[in-house]
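Chemist: I would like to see how this sequence folds:
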Amino acid sequence: MRRYLIIFLAALTAVALFFITKYILNKLTVKNSIFISSLIGLLGFIIFILISFLFLEKDAADPSYNYTPPKIQNGKVLDGNFVK
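Modeler: Predicted coordinates:
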């Protein structure tokens with residue numbers, strides 16, 4: 001679910017960058033404002049995706065670790081953890 005949220009937010013950011021850039025370039029009367037706005041929107045999308053995935057993966061466990069789920073012992077919940 002988290003990855004879909006990241007992709008949705010990246011697409012939303014790209015569209016917002018496109019319209020903001022197009023508006024600014026139209027005010028400055030720059031030719032090819034659609035092309036430049038599209039490039040900036042695409043770059044914004046790519047940068048947002050990369051930063052999001054790198055930010056979320058910094059606390060991820062090593063793939064070789066095994067996950068031990070939480071357990072209930074003597075009426076108390078013991079935390080789950082990763083074991084190598």
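Chemist: quick one: low-confidence parts of the chain?
Modeler: Applying pLDDT under 70 to the chain flags residues 59-62.
Chemist: Please enumerate the strands of it.
Modeler: Using DSSP state E, the strands found in the chain span residues 66-68, 71-73, 76-78, 81-83.
Chemist: Reformat those into TSV and put mean neighbour count and distance to I51 next to each item.
Modeler: All C-beta atoms are positioned from the backbone trio N, CA, C, and that covers glycine. Below are the strands of the chain laid out as TSV (neighbours: other CB atoms under 10 Å; distance: least, CB to CB, whole Å):
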stretch	mean neighbour count	distance to I51
strand 66-68	10	27
strand 71-73	8	36
strand 76-78	9	35
strand 81-83	11	25
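Chemist: who wins for proximity to L50 among those strands?
Modeler: Of all the strands of the chain, strand 81-83 sits nearest to L50, with 25.5 Å by CB to CB.
Chemist: quick one: strands adjacent to that closest one?
Modeler: According to DSSP bridges, strand 81-83 has the following sheet partners: strand 66-68 (antiparallel).
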